[in-house]
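Asker: the following comprises the amino acid sequence and a computationally predicted model.
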Protein chains: 2
Amino acid sequence: MPDIDGNRLLRDLYAARAIGTYKTGVHRPTYSADDMTARHWLADRLTEAGLTAEIDGIGNVIGRSAAPGPKLLLGSHMETQPHAGWLDGAMGVIYGLEVARALLPHFGNAIEVGAWADEEGHFGNFLGSRSFVRGLDDAEIAATVNRHDGTPLPTALAQAGLAGRPRARLDPARYRGYLEAHIEQGDELDTSGLRLGIVTSIVGIWQFMIRFDGVQNHAGTTRMAIRKDAGVALVRLAGAIEARFPQVAGPRSVWTTGRIRLEPGAPSIVPGGAEMLFQFRDADPARLAAMEQALEALVAEANAGPCTVTLTNLSRWTPKLMDPGFQDALERAAQARAPGMHIRMPSGAGHDAQIFADRLPAAMLFVPSIGGISHHYAEDTKDADLVLGCQVLADAAAAILGG
Amino acid sequence: MPDIDGNRLLRDLYAARAIGTYKTGVHRPTYSADDMTARHWLADRLTEAGLTAEIDGIGNVIGRSAAPGPKLLLGSHMETQPHAGWLDGAMGVIYGLEVARALLPHFGNAIEVGAWADEEGHFGNFLGSRSFVRGLDDAEIAATVNRHDGTPLPTALAQAGLAGRPRARLDPARYRGYLEAHIEQGDELDTSGLRLGIVTSIVGIWQFMIRFDGVQNHAGTTRMAIRKDAGVALVRLAGAIEARFPQVAGPRSVWTTGRIRLEPGAPSIVPGGAEMLFQFRDADPARLAAMEQALEALVAEANAGPCTVTLTNLSRWTPKLMDPGFQDALERAAQARAPGMHIRMPSGAGHDAQIFADRLPAAMLFVPSIGGISHHYAEDTKDADLVLGCQVLADAAAAILGG
């Protein structure tokens, strides 16, 4: 089995952490100056590893091999959430770099590496991996803006020096498959004392906007009996969801109301309108359908009240199964390096691997997040776990290439 | 009894409506160009009525009489809520103008008229009437900003041409008392078919900020069992308030959650913080105290959950009783002009009269709001009710001055 160089791996992880440092974490929004510095830094490292590096028209950094024979694609993303952690994304990319270096003496340049742009969704959803796997049309690019400050995507690409560059496309025949390593972001590995998670599937995420329309009125002169308070209707439905969902949810289902807005939002005005953003996630399509059915029933009940309640689906990302053969390869490698310290588990978060899973056998490996903390600058993983995860990924890659 | 001139009254009401027209209503935020135009228009009308008109350093328009003998002060406010109705405020001021004109042949110039600045609270709470009745200190003026756009009050006063003007002060010995007419803003008169409301008291308004602190986390990877979701804690407490308050509230109590905010307010992040603005109103101080006690008990229960809940009182406006003798004078006048078509009722909204009630006998007369609509451009009252209300106010003023 090829041994990785743990010190070299950690040195590169720390070098990436130094680009856009924020407290103990990193602030590298997609196409920001620090993000582009990190992409060019990565391209230089890929070149040093003997790959031909390219930054394409959407910002994907791709290290390709000129060698003949079967290849594996490894990757993740380089940009971060705002003021977030140092490992979310960068770890999977730098694992790819280290695995490419470690396997070189055994397989030649059989590992190719990708950093897919904007997995974190500063502009879109999985912009880079969708561009590479399915193709993005110019109309979508023209219509996309930065979610925080409204900058049009073409403007951001031009400022990042990417205007006019072609967008690279996947040739599925070139690869045995796609592997992505990532921090777990939850606390399951950390609280159970395990060190490796073999991902079975990436959960489906179904998002909804729920709108409540009542009658705006004066909060002093409008008697309780005649009010049509959209905020009260929202609170009732949100409470009903919290009461009902535990009965229809599976053991790993999650549901979240991330945003609530009352209109006009003034202290002395009975809200005439209200909105909530609601989502739920599960790896089982039947469970997702059951949760949607429960939500629809609660909305129908809410419509018997004084306000009108409207349920709008915003997105339905379907669950994606990871390749069973790749899962077995990861599990065998985990068992060899850390016997009994691994578990199979679904991913509650979305990842680029779900985009690749449509066209290639794909799989993911998780390492522990200390305290389950992610999307926060305190995000961290023990050095020993970082080294172990990369070694297991290298072993699995070698097994897949050698098999 | 002095007869008012109904046509002259309606002509002046419509003339004021033409300043800052918005659809069928009016948009005259405090110290805006249209608001200042309306103040100068009013000053001209007061001068025509034989009064000495002044616009003071906070924007109060005051029409004073040089005549000897007892006087009554009548007034309300000229500015409006954003994109709101044509009668809220202006009606009471123009009633004062018309009563001054109608009583002139009988009592000389015994009526003085005031338009108190910013009753609607674009900058503060009852800025104009507080300045006149209690005095405003310069430190408060320097610290006050526009609630919508943050403009400092001194800047707004300077732009309105009011910089350096003195602020007028009430001499209580000068007046028998203060009378204010206003649209009801609720639907009690309209739905019962009555035409006049004699206000018994102005309700107390107690306002609170309730803050919830949990732990912000990833909405996909954080299991339900370990979440400390500040939004869920908020929804639970808001639901508990809706369930509990009907049991402690009186028949006229009202309570309102006007604003809810989740932090950071993103679809895929478990809210780590949340806030709600909550208020309740009643005319009975004991009832207000009971409602606060119930709220405190619910907050204490909520603190047994996974999040920290903090209750902060923002204001406690106490209920103000209207003068019993003035109420009797208004009721006798109402009974003479519209037998059986009047009722005594509390005011659920705050009014300048509550500020004057600390220093002078004060009373209020309500006319119907069609459909109970207010703080909306559709706000309206029948012409016949507008004329009747002014006549009853004139009769009561004459009785008070003549008694």
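Answerer: Sure thing, it's come through.
Asker: and chain A, what are its domains?
Answerer: Domain assignment for chain A by automatic domain parsing gives A:6-203+A:319-402, A:204-317.
Asker: just list what the helix or strand A:G197 falls within packs against, helices and strands only.
Answerer: Using DSSP states H and E, A:G197 maps to strand A:196-202. Under the contact definition 3 or more C-beta pairs under 8 Å, 6 or more residues apart in numbering or on different chains; DSSP states H and E, strand A:196-202 sits against helix A:188-192, strand A:320-321, helix A:324-337, strand A:342-347, helix A:353-356, strand A:362-367, helix A:383-402. Any C-beta I mention is one placed from the backbone N, CA and C, and that applies to glycine too.
Asker: quick one: the last one to helix A:324-337, angle?
Answerer: It stands for helix A:383-402. Angle of helix A:383-402 versus helix A:324-337, following axes from the mean of the first three to the mean of the last three C-alpha atoms, to 10 degrees, is 130 degrees.
Asker: hmm, who's touching the helix or strand following the strand holding A:G197?
Answerer: Sequence order places strand A:204-213 as the next helix or strand after strand A:196-202, per DSSP H and E. Residues outside strand A:204-213 that contact it (C-beta atoms under 8 Å, 6 or more residues apart in numbering or on different chains): A:230-231, A:233-234, A:237, A:272-283, A:285, A:288, A:291-292, A:295, A:299, A:307-319, A:350, B:220, B:267-268.
Asker: show the buried residues in the residues you listed.
Answerer: A:230-231, A:233-234, A:237, A:272-283, A:288, A:291-292, A:295, A:299, A:307, A:309, A:311, A:317, A:319, A:350, B:220, B:267-268 (16 or more other C-beta atoms under 10 Å in any protein chain shown).
Asker: A:Y178 belongs to a strand?
Answerer: Yes. Assessed by DSSP: H, G, I helix; E, B strand; the rest coil, A:Y178 belongs to a strand.
Asker: what about chain A, any weak spots by pLDDT?
Answerer: A:403 (pLDDT under 70).
Asker: flag every buried residue along stretch A:222-231.
Answerer: Under 16+ other C-beta under 10 Å, the buried positions of stretch A:222-231 are A:T222, A:R223, A:M224, A:R227, A:K228, A:D229, A:A230, A:G231.
Asker: same for chain B: which of those are within range?
Answerer: A:T222, A:R223, A:M224, A:D229, A:G231 (C-beta under 8 Å from any C-beta of the partner chain).
Asker: now, the most widely separated pair of the residues you listed?
Answerer: A:R223 and A:G231 (16.7 Å; C-beta to C-beta).
Asker: for chain B, what's the nearest residue on the stretch 201-350 of chain A?
Answerer: A:T221 (3.4 Å; C-beta to the nearest C-beta).
Asker: which residues touch that residue?
Answerer: A:T221 neighbours (C-beta under 8 Å, 6+ apart): B:E184, B:Q185, B:G186, B:S347, B:G348, B:A349, B:S369, B:G372, B:S374.
Asker: got those as a markdown table, with neighbour count, distance to chain A and secondary structure columns?
Answerer: Below are the contacts of A:T221 laid out as a markdown table (neighbours: other C-beta atoms under 10 Å in any protein chain shown; distance: C-beta to the nearest C-beta, whole Å; DSSP: H, G, I helix; E, B strand; the rest coil):
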| residue | neighbour count | distance to chain A | secondary structure |
| --- | --- | --- | --- |
| B:E184 | 26 | 7 | coil |
| B:Q185 | 25 | 4 | coil |
| B:G186 | 28 | 3 | coil |
| B:S347 | 28 | 8 | strand |
| B:G348 | 24 | 4 | coil |
| B:A349 | 24 | 4 | coil |
| B:S369 | 26 | 8 | coil |
| B:G372 | 23 | 7 | helix |
| B:S374 | 26 | 5 | coil |
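Asker: closest to B:W255 among those residues?
Answerer: Nearest to B:W255 among the contacts of A:T221, with distances taken as C-beta to C-beta, is B:G348, at 11.6 Å.
Asker: hmm, that closest one is touching B:R281, no?
Answerer: Yes. Contact criterion C-beta atoms under 8 Å: B:G348 and B:R281 qualify, at 6.0 Å.
Asker: pull up the overlap in contacts between the two.
Answerer: Common neighbours of B:G348 and B:R281 (C-beta under 8 Å, 6+ apart) are A:G220, B:V203, B:V254.
Asker: got a list of what the residue nearest to A:A294 when sequence neighbours are not counted touches?
Answerer: Spatial nearest neighbour of A:A294, excluding adjacent residues (C-beta to C-beta, 6 or more residues apart in numbering or on different chains): A:V248 at 4.5 Å. The neighbours of A:V248, taking C-beta under 8 Å, 6+ apart as the test, are A:R287, A:A290, A:M291, A:Q293, A:A294.
Asker: and A:R167, by the same measure?
Answerer: So A:R167 contacts A:D56, A:G57, A:I58, A:N60, A:S131, A:F132, A:G135, A:L136 (C-beta under 8 Å, 6+ apart).
Asker: now with 10 Å?
Answerer: A:56-60, A:117, A:128, A:131-132, A:135-136, A:138, A:141 (C-beta atoms under 10 Å, 6 or more residues apart in numbering or on different chains).
Asker: and for A:Y95?
Answerer: A:4, A:9, A:12-13, A:74-76, A:113, A:179-182, A:365, A:367, A:386, A:389-394, A:397 are the contacts of A:Y95 under C-beta under 10 Å, 6+ apart.
Asker: swap in A:W317?
Answerer: Taking C-beta under 10 Å, 6+ apart, we find A:W317 in contact with A:125-126, A:202-207, A:279, A:281, A:288, A:350, A:354.
Asker: over to A:D358?
Answerer: A:R130, A:V133, A:R134, A:P172, A:K320.
Asker: weed out the non-buried ones from these.
Answerer: Buried among the contacts of A:D358 by 16+ other C-beta under 10 Å: A:R130, A:V133, A:K320.
Asker: partners of the last one in the sheet?
Answerer: The bridge-partner assignment for A:K320, based on DSSP bridges, gives A:I202.
Asker: that one touches A:L360, doesn't it?
Answerer: No. Under the criterion of C-beta atoms under 10 Å, A:K320 makes no contact with A:L360, lying 11.6 Å away.
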